[in-house]
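[1] structure for the following, please:
(one chain, ligands or ions: 2)
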Amino acid sequence: MAMAFRLSKHETSIISAEDTSLEQLDSSVEMRSRSPSPLIFNPRKLRFADDDFDKDRQESPQQKKKPNAVARDNDMSPPCQKVRALRLFNTPATPKTILQKSTTNCNHLSAAAAAAHSVKREDVYKVTERPRSLPLHNHRTMQPQDTANVNPFTPDSLLAHNKKRCRTQFGRENLNLSAMQKFLLSDAGEDDGAQDANGLDSMREIHQQAPKRLALHDTNISRFKREFMQVSVIGVGEFGVVFQCVNRLDGCIYAIKKSKKPVAGSSFEKRALNEVWAHAVLGKHDNVVRYYSAWAEDDHMLIQNEFCDGGSLHARIQEHCLGESELKILLMHVIEGLRYIHSNDLVHMDIKPENIFSTMNPTAHKTQQQVSKDDDGMDSVYEELRSSENLVTYKIGDLGHVTSVNEPYVEEGDCRYLSKEILQEDYSNLFKADIFSLGITLFEVAGGGPLPKNGPEWHKLRNGEVPAIPALSKDFNELIAQMMHPEPNERPSSMSIYSHPILSAVDSKSKLQLGLELTVEKRKNEILMNKLREAKKQIKMLEQRVSVLAASNTPEPLDGQRCLRSFTRRMRTPFGSHGKFHNLADRNKNVITNV
Ligand SMILES: Nc1ncnc2c1ncn2[C@@H]1O[C@H](COP(=O)(O)OP(=O)(O)OP(=O)(O)O)[C@@H](O)[C@H]1O
Ligand SMILES: [Mg+2]
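    Residues are numbered from 1 along each chain as shown. Ligands and ions are numbered 1, 2, ... in the order given. The predicted structure is shown next:
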């Protein structure tokens, strides 16, 4: 059995002085690890005394029988509660982020960093090649109008990353990007003299050579109150508060997520920028929450996204679990979204019911005021359809944990949905980590929840002991179990789930959906036809009234009108080709006669 904590040689040298409990780490695990991560300074996990674990240890009958086995299992459990407790000093930092920060801050002091400085230039890039953000609060070394972030998730960046791997020397065409990266990698915001100097040099290079890019503002601007009317708070997560807002100009509803605390300069900053970068690259699919814009205001990050009027899947299952037909639609939509994310060589890393949203009906884009004002008789029809499962569209949201499979920087998500290999920091098949999270999400929303956060039950679900949900068919239970397979390579890919026979029935469901839409259109037509009939009736009645009036009261003008009409008819004929000649002939005839 592998264990929870993985540690590289360099890491050992950095933190051995800090944490004596690390002496208990099993170095043989490092040898077995197949992580392709190019980062030398791997994030690692600490061991925490966990009251719950202790409780488990005391109470578990299993432990009474096999104390060693259970103790080993518990070592691997996510220490979630204590991790939350360790979010000290108003920061969201887990031990992982705290350690990583201390590692990067102490780079120049550590033996590992000293070793890194002595190796070749390419190797230095290997150590720190992840592009850094422009600090939101940093005005010291740059003017905002001259700088731009490099989004590490754009195809350009991924291509540049691949090129960098292939070339030993930088070619002219990617010099600009490399200069930009060099600056971003130099941690210009930190108080390191040498790094600052490097940063300034790189910055000068960028000033001379940087291509024009769209910039994420690195200064605060005031937009929220000026551009949006806040309607309500629709959700609160660990990172942000989400408001339902109407844009004053375009009148449409949006979800605006505002970081709970100021992000500039805090450990939240990277996560906030990561979410924006991912949204900017991935917000173009029907099954991914759409992104509109982002900005920094009062040092908070604000992200303007599509408003999903159906709320989160988590809120939905508070009323009732989903049946198989609903689950198929959910799976169909989420797997399409995942397929799209994966096709960009990116992974979500935090798939769970709280991060899956839904839109429910065709009038979602209308504000309440508009709905009541523009009542065209269809609202009752839409209302009827509102509850129909077939009009739900599920969308993947909360992209704060998205990372690239080529250069993974894994900030693991909710431990209830986390696969075992991610806890063991094996990042060799990140696509399948998303598949596991989706599998366990299906298990939960079908009635298998609430999910354990740790302990023996947590392990059972990851060791292939997935209980069948009685309400589901054998095939669907099997698919869920396969998606939660302990071995990542045995889990199906997003592509193969998409074309799984179990979802082919969803095709007929979508035909049903089309049928429903057709019914809506037919009802619309009926309503319009009725209105037309009504209008024709009114016209007829008016005509009759006019002719009655005309006959009784005003005979002369009517005669005059008739004369006028016949006159105009006569006038029109000369312009017709035949009439013209005929008329001329007549006139000539008259002339001749007159003569
Ligand atoms: N686009 C949206 N449309 C409707 N509701 C939303 C939208 N985005 C977020 N919400 C609501 O706000 C809640 C929190 O949003 P989100 O998950 O993005 O925040 P977070 O702070 O990143 O959460 P986490 O705790 O997962 O880190 C969601 O669970 C949902 O109820
Ligand atoms: Mg969330």
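
[2] look up how far ligand 2 lies from Thr393.
    Separation of Thr393 from ligand 2 (CB to the ion, to the nearest Å) stands at 19 Å. From N, CA and C alone the C-beta is placed, and that goes for glycine too.

[3] tell me what that residue is bridged to.
    Applying DSSP bridges to Thr393 gives these bridge partners: Thr359.

[4] wait, it touches Asp286, no?
    Yes - Thr393 is within contact range of Asp286, at 6.6 Å (criterion: CB atoms under 8 Å).

[5] and stretch 415-423, end to end?
    Across stretch 415-423, the terminal residues are separated by 9 Å (CA to CA, to the nearest Å).

[6] near ligand 2, anything from that stretch?
    No - Stretch 415-423 lies out of reach of ligand 2 by CB under 5 Å from the ion, never closer than 11.3 Å.

[7] what residues are up against Val242?
    Applying CB atoms under 8 Å, 6 or more residues apart in numbering to Val242 gives the contacts 233-236, 255-258.

[8] mind putting those in CSV, secondary structure, neighbour count and distance to ligand 1 included?
    Converted to CSV, the contacts of Val242 look like this (DSSP: H, G, I helix; E, B strand; the rest coil; neighbours: other CB atoms under 10 Å; distance: CB to the nearest ligand atom, whole Å):
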residue, secondary structure, neighbour count, distance to ligand 1
Val233, strand, 10, 9
Ile234, strand, 19, 5
Gly235, strand, 18, 2
Val236, strand, 10, 6
Ala255, strand, 22, 3
Ile256, strand, 25, 9
Lys257, strand, 26, 5
Lys258, strand, 17, 10
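
[9] check which helices and strands the top helix by length along the chain is in contact with.
    Determined from DSSP state H, the single longest helix within the chain is helix 501-552. With contacts defined as 3 or more CB pairs under 8 Å, 6 or more residues apart in numbering; DSSP states H and E, helix 501-552 has these neighbours: helix 324-343, helix 379-386, helix 474-483.

[10] return the member of these having the minimum mean pLDDT.
    Among the helices and strands packed on helix 501-552, helix 379-386 carries the lowest mean pLDDT, at a mean of 57.

[11] number of nearby residues for the residue nearest to His500 when sequence neighbours are not counted?
    In this structure, His500 finds its nearest non-sequential neighbour in Leu479, 6.6 Å apart by CB to CB, 6 or more residues apart in numbering. By other CB atoms under 10 Å, 22 other residues sit near Leu479.

[12] and for Ser325?
    Around Ser325 there are 14 residues (other CB under 10 Å).

[13] ok, and what's touching stretch 305-312?
    Outside stretch 305-312, the residues that touch it by CB under 8 Å, 6+ apart are 234-235, 244, 253-257, 279, 283, 289-292, 316, 353-361, 364, 392, 395, 397.

[14] and it, does that touch ligand 2?
    No - figure legend: stretch 305-312 not in contact with ligand 2 (CB under 5 Å from the ion); closest approach 8.0 Å.

[15] and ligand 1, is that stretch touching that?
    Yes - under the criterion of CB under 6 Å from any ligand atom, stretch 305-312 makes contact with ligand 1 via 305-308, 311-312.

[16] ligand 2: which of these is nearest?
    For the residues of stretch 305-312 next to ligand 1, the closest approach to ligand 2 (CB to the ion) belongs to Ser312, at 8.0 Å.

[17] list only buried entries from the residues of stretch 305-312 next to ligand 1.
    305-308, 312 (16 or more other CB atoms under 10 Å).

[18] let's have those residues in CSV, adding secondary structure.
    Compiled in CSV, those are given as follows (DSSP: H, G, I helix; E, B strand; the rest coil):
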residue, secondary structure
Asn305, strand
Glu306, strand
Phe307, coil
Cys308, coil
Ser312, strand
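
[19] around ligand 2, which positions in the protein sit nearby?
    Counting by CB under 5 Å from the ion, the chain comes close to ligand 2 at 237, 354-355, 398.

[20] quick check: the farthest pair among those?
    Gly237 and Asn355 (8.7 Å; CB to CB).

[21] find the residues that touch each one of the two.
    Taking CB under 8 Å, 6+ apart as the criterion, Gly237 and Asn355 both touch Asp398.

[22] between those two, tell me which one has more neighbours.
    Neighbour totals were compared for Gly237 and Asn355, and Asn355 leads with 25 against 14 (other CB under 10 Å).

[23] closest one of the buried ones among the residues of stretch 305-312 next to ligand 1 to His320?
    Using CB to CB, Ser312 is the member of these that sits closest to His320, with 15.1 Å.

[24] which of the contacts of stretch 305-312 are buried?
    Buried positions within these, assessed by neighbour count (16+ other CB under 10 Å), are 234-235, 244, 253-257, 279, 289-291, 316, 353-361, 364, 392, 395, 397.

[25] need the phi and psi values for the residue in the chain positioned nearest to ligand 2.
    For the chain, the residue closest to ligand 2 is Asp398, as judged by CB to the ion, at 3.7 Å. Main-chain torsions, Asp398, degrees, to the nearest 10: phi 50, psi 80.

[26] that one: how many residues sit nearby?
    Neighbour count for Asp398, taken as other CB under 10 Å: 28.

[27] go on, Gln482?
    Around Gln482 there are 17 other residues, counting by other CB under 10 Å.

[28] where's it relative to Ile497, distance?
    Shown here: Gln482 relative to Ile497, a distance of 9 Å by CB to CB, to the nearest Å.

[29] same question for Pro353.
    18 Å.

[30] ok, Arg316 next?
    Counting by CB to CB, the gap from Arg316 to Ile497 is 21 Å.
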